[in-house]
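Enquirer: Test case, fold it:
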Amino acid sequence: MLTVEDLKTYFHTRAGIVRAVDGISFEVKAGETLGLVGESGSGKSVSGYSLLGLIPTPPGKIESGTALFGGVDLLKCTASELQSIRGKRIGMIFQDPMTCLNPFVTIGQQLMEPLFIHEKISVSNARIAALEALREVGILDGDRRMAQYPHEFSGGMRQRIMIAIALILKPELLIADEPTTALDVTMQAQILDLIRRLQRERGMAVIFVTHDLGIVAGLADEVMVMYAGKIVERARTRELFYAARHPYTRGLLASIPSNHSGGDLYNIPGLPPDLGKPLAGCAFGPRCSNKKDVCGMGQPTIKAVAPLHYSSCVRIQEGSL
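Expert: Numbers count the residues shown, from 1 in each chain. A predicted model of the protein is given here:
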């Protein structure tokens, strides 16, 4: 459904060029979920925004790459062409439902807006579709809710509304940018169940962006791990969790609280690198306990280390780790 090749998105600032996304390639298959994980600042959200032309320009700029979606290169589309794709064929759930909804516009108006933009539809039919979208995401008493404003809803309810807006036109691909951020565990589970159910019913593909590997374990068919703007590991979900092939991924898995029976929780030492400065060798090298001289020789490239399993760790590629 979507094939991305060598995507590079840089931000040109007064302090220098920040390589937020630095040459990533991946595919998303119809009906499947790709989990995109990594620490804050690894380039996950920027990757999704780049595909839909949502990078602020300036300072952002897509330096190179292709993103073929149904035969159309999203990175080469004009503003009007992207406008016809966003919302209709590709939906997006943004990260923060507290700020993404317009506080001055009713929920009903915000739900119906994509219908007016993309389809020739009457107000009455748009209202019927909006009520159905609310019902699908578990919001009852739609007639009353449509007249309310965002501040009259809880965080979980606002997130459901964001999902309803993203899916009201039944897109082929959904990009979910950390849709469970700041939600309690119960509400988080409800949102994930909702996305799974709607995906099964509609057969859409999903790119699920998160820093929580626990969520990915039960949701994604395939996982892509990002660090410092690059993909460091990619594999089917079960394979990645049971046989991780990159020290960074192993560190993330070791940091999951449920993997500890007691004692101090594990954390990866150090901090992510400054992407505005040139990186010598493996970007994870300064934080890696298995670093050797070979790790500092040139920029590592991601390669197959097992069937359908890819890693950029030089030592794992050569079989010494």
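Enquirer: Let me see the ranges of the helices in the stretch 1-150 of the chain.
Expert: 44-51, 79-85, 97-100, 107-118, 123-136, 142-146 (DSSP state H, counting those that start in this stretch).
Enquirer: Looking at those, which is nearest to Leu252?
Expert: With respect to Leu252, and counting by C-beta to C-beta, the nearest of those is helix 44-51 at 12.9 Å. C-beta coordinates here come from the backbone N, C-alpha and C atoms, glycine included.
Enquirer: what about the closest one, average pLDDT?
Expert: For helix 44-51, the mean per-residue pLDDT is 91.
Enquirer: what's the spacing between that helix and its chain's center?
Expert: What separates the centre of helix 44-51 from the centre of its chain is 7 Å, taken as C-alpha atoms, centre = their mean, to the nearest Å.
Enquirer: Check stretch 48-65 too.
Expert: Its chain's C-alpha centre and that of stretch 48-65 lie 15 Å apart, by C-alpha atoms, centre = their mean.
Enquirer: Now that stretch: buried residues?
Expert: Within stretch 48-65, the residues scored as buried using 16 or more other C-beta atoms under 10 Å are 48-55, 60, 62-63, 65.
Enquirer: Reformat those residues as a markdown table; add distance to Ser312.
Expert: Output for the buried residues of stretch 48-65, formatted as a markdown table (distance: C-beta to C-beta, whole Å):
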| residue | distance to Ser312 |
| --- | --- |
| Gly48 | 21 |
| Tyr49 | 23 |
| Ser50 | 20 |
| Leu51 | 22 |
| Leu52 | 26 |
| Gly53 | 28 |
| Leu54 | 27 |
| Ile55 | 24 |
| Gly60 | 24 |
| Ile62 | 22 |
| Glu63 | 20 |
| Gly65 | 18 |
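Enquirer: Looking at these, which is nearest Leu265?
Expert: Checking these one by one against Leu265 (C-beta to C-beta), the nearest turns out to be Gly48, at 29.2 Å.
Enquirer: what bridges to the closest residue to that closest one other than its chain neighbours?
Expert: Of all residues not flanking Gly48 in the chain, Ile175 sits nearest, at 4.6 Å (C-beta to C-beta, 6 or more residues apart in numbering). As for beta bridges, Ile175 partners with Met92, Ile207 under DSSP bridges.
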